[in-house]
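Peer 1: Need a 3D model of the following:
(2 chains)
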2 protein chains.
Amino acid sequence: MAVETIKWINNAARIIDQTKLPNKFEYIYCRDVKTMWHAIKRLSVRGAPAIGVAAAFGVLLGIQSFKGKNKAAFLKFFQKTCDYLASSRPTAVNLFNALHVMRLVIADNPDEDVDTLKKLLLKRAMELFHEDKKTCRKMGEHGAGLIKNGMQCLTVCNAGALATVDFGTALGVFYSAKKMGKKFKVYSCETRPLLQGSRLTCWELLRQKIDTTLICDNMAASLMSRAKVDIVFAGADRIASNGDTANKIGTYMLAVLAKHHGIPFYIVAPRSTFDFNIKTGKQIPIEERDSDEVKCFAGISTAPKGIKVYNPAFDVTPASLITGIVTECGIIRPPYVKSISALKLYA
Amino acid sequence: MAVETIKWINNAARIIDQTKLPNKFEYIYCRDVKTMWHAIKRLSVRGAPAIGVAAAFGVLLGIQSFKGKNKAAFLKFFQKTCDYLASSRPTAVNLFNALHVMRLVIADNPDEDVDTLKKLLLKRAMELFHEDKKTCRKMGEHGAGLIKNGMQCLTVCNAGALATVDFGTALGVFYSAKKMGKKFKVYSCETRPLLQGSRLTCWELLRQKIDTTLICDNMAASLMSRAKVDIVFAGADRIASNGDTANKIGTYMLAVLAKHHGIPFYIVAPRSTFDFNIKTGKQIPIEERDSDEVKCFAGISTAPKGIKVYNPAFDVTPASLITGIVTECGIIRPPYVKSISALKLYA
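Peer 2: The predicted structure is shown next:
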């Protein structure tokens, strides 16, 4: 029943092709960096923690193709590979943080030769992979304490096993709570335009036999007004030093609605999703994606030709609307400038 | 360029099949009441004012098939026809108000024979048709005063020509403002699950050369936070005596978001959308529709088999979130119990 979103097998990165779910379960084997870049770009692999690991594996794929022992040439090739992967998607900081970690391997080992550096990079990428598994389980345990028997939870997009190596951030909280024997319900926002909620989250939660109901995004307010939501859990793509959080478009909407209805709103994200280099959410670049994602479905037009489209993939929830952020180090709460600064030092 | 949503031609009701837009423009000729009932049920004709006229025409289609002169049998047949049409959809009160108007023709003319009653019913239905045209233009003029040059407006679902005989409620405001030479932009929420915003509103506004941008429903909050919305206009399906307003699912969401961002939120609806018999929105029956509307698109599954779905077609916006209601008698404002009570007496 386990979902293995991304795995390093025989010098290739095997990923689940998430564009095909829930109708088809297929793997893609990335054997070169270009295939990985496109897999990230077209969302075959998505979810901030998962694309962090994907980027690290992408580096491995890149350097595999470097033949020879010339170190200067290798370093140049390595940097080019990292820069290329960094150009795939702009918002999730995990991608940049993972590339930074890989770059540190080079910086920290100035005297090693090409073959040794390759081995060290492989070792570090595998550490990132294993850390993600551990981190998610720790977040799950911390977050599960927030779920009481009988609660009705709401989530958006997919912050599950499919967004990480194999367990999830927001959905990991549900998996841990279920393991503890708690009874609760989940509502999943379908998450337009690409329906990660209906296609991926519902698929995951059904497999784990969690009581799940699908809604359209515009039904969340109605649901809250009918007292059918006790708590909201969302993932994150980048969290600024003040707690402002970029996540899938629609997350900010839920945070405003939760505040209006007096419902606690939690973000679940590992330290690798924090961008300690930026002060506020205003500094987070927001990816805008192709208008066809909104105007077409399965090749059929759902809007007239020539219509303009605004299609931001993310929005930013101000820290003031966030009740708490569940991390692997525990749940941090306002004032976030202080608690996030403490998190930065935690290691 | 005029859109003739519904028209009585040669003893048939001709309607635009809105399920086919924007890819195909096709008429359906309803020649019997059953065809009209299904056209309403499956949303070939939709929008509260339009289904009011559709119901009146449905009565005409029903009584056309009554042969003979027996008045008692005719009255029984007439009532059965009205009850049948009333069972098509539960929320929009215009349908019930139109049937009530048709029933009054019978009640007010106790001495007339079957042929005369048939003629009087035809006359009354045509009056409803023409009243809708006039009413929409009056609402448009009243509402257009709210639009200033350079404004960015947001709307949801389709409250346009396609929701009325030929002009619209919320979109009628845009048409009137354009006629007055005002410059403004419109954002249209796509309106899941059936995409009346992208399919119908964008189609209408593009035909009228109004600067329009399509967004997914979950992008409205982000748009507001970026100061891209100055005013919201929505239609209505039923307004209670205290101003609580049922409209397409997602309207309540927009009202909460507008309040959070300090943006005025207007409803545009004729007197026929008011239900003076109910005190609050809690008494409005909310239609829940088939789960396949959310789980499938064009026959393709977008969610895993077996997932539960919550699919209310409407939500209720409390009066406290509504800045004003644009009617054919002018813009009414809080306190609504008083202003709506005055509207009731207005004739």
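Peer 1: Determine the next helix or strand in the C-terminal direction from the lengthiest helix in chain A.
Peer 2: For chain A, the helix with the greatest residue count under DSSP state H is helix A:114-144. Per DSSP states H and E, the first helix or strand lying C-terminal to helix A:114-144 is strand A:151-155.
Peer 1: and the very next helix or strand once past that next one, what other elements does it pack with?
Peer 2: Per DSSP H and E, the first helix or strand lying C-terminal to strand A:151-155 is helix A:170-179. Packed against helix A:170-179, as judged by 3 or more Cβ pairs under 8 Å, 6 or more residues apart in numbering or on different chains; DSSP states H and E, are the following elements: helix A:114-144, strand A:151-155, strand A:184-189, helix A:202-207, strand A:231-234, strand A:265-268. Yep, even glycine has a C-beta here, placed from its N, CA and C like the rest.
Peer 1: looking at these, which is closest to residue A:22?
Peer 2: Proximity to residue A:22, assessed across these by Cβ to Cβ, is greatest for helix A:202-207 (4.2 Å).
Peer 1: Name the residues of that closest one that are buried.
Peer 2: A:202, A:203, A:204, A:205, A:206 (16 or more other Cβ atoms under 10 Å in any protein chain shown).
Peer 1: Relative to chain B, which of the helices and strands packed on helix A:170-179 is closest?
Peer 2: The minimum distance between chain B and the helices and strands packed on helix A:170-179 falls on helix A:202-207, with 4.6 Å, by Cβ to the nearest Cβ.
Peer 1: The residue of the stretch 1-150 of chain A found nearest chain B and residue A:41, how far apart?
Peer 2: Across the stretch 1-150 of chain A, the shortest distance to chain B (Cβ to the nearest Cβ) belongs to residue A:22, at 4.2 Å. Using Cβ to Cβ, to the nearest Å, one obtains 22 Å as the distance from residue A:22 to residue A:41.
Peer 1: related to what we said a few turns ago, any chance of the helices and strands packed on helix A:170-179 in a markdown table, plus distance to chain B?
Peer 2: Listed next are these as a markdown table, based on distance: least, Cβ to the nearest Cβ, whole Å:
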| stretch | distance to chain B |
| --- | --- |
| helix A:114-144 | 22 |
| strand A:151-155 | 11 |
| strand A:184-189 | 7 |
| helix A:202-207 | 5 |
| strand A:231-234 | 12 |
| strand A:265-268 | 13 |
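Peer 1: need these in TSV with mean pLDDT and distance to residue B:288, can you?
Peer 2: As requested, the helices and strands packed on helix A:170-179 are exported to TSV (pLDDT from 0 to 100; distance: least, Cβ to Cβ, whole Å):
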stretch	mean pLDDT	distance to residue B:288
helix A:114-144	98	32
strand A:151-155	98	18
strand A:184-189	98	15
helix A:202-207	98	19
strand A:231-234	98	23
strand A:265-268	98	27
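Peer 1: Nearest to residue B:285 among the ones you listed would be which one?
Peer 2: Here strand A:184-189 is closest among the helices and strands packed on helix A:170-179 (Cβ to Cβ), at 22.4 Å.
Peer 1: circling back to that earlier point, between residue A:22 and residue A:41, tell me which one has more neighbours.
Peer 2: Neighbours were counted for residue A:22 and for residue A:41 using other Cβ atoms under 10 Å in any protein chain shown; residue A:22 has more, 21 against 14.
Peer 1: is it true that that one touches residue A:204?
Peer 2: No - using Cβ atoms under 8 Å, residue A:22 is not in contact with residue A:204; the gap is 9.4 Å.
Peer 1: all helices of the stretch 201-347 of chain A, in order?
Peer 2: If DSSP state H, counting those that start in this stretch is used as the criterion, the helices of the stretch 201-347 of chain A fall at A:202-207, A:220-225, A:251-260, A:292-295, A:336-345.
Peer 1: can you list the residues of the stretch 151-300 of chain A near chain B?
Peer 2: Counting by Cβ under 8 Å from any Cβ of the partner chain, the stretch 151-300 of chain A comes close to chain B at A:187, A:189-193, A:195, A:198-199, A:202-203, A:206, A:212-223, A:225, A:249-250, A:252-253, A:256-257, A:259-260, A:294-295, A:297-298, A:300.
Peer 1: Kindly write the PyMOL command that selects the buried subset of those.
Peer 2: Command for PyMOL that selects the buried part of these, burial taken from 16+ other Cβ under 10 Å:
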select buried, chain A and resi 187+189+190+191+192+193+195+198+199+202+203+206+212+213+214+215+216+217+218+219+220+221+222+223+225+249+250+252+253+256+257+259+260+294+295+297
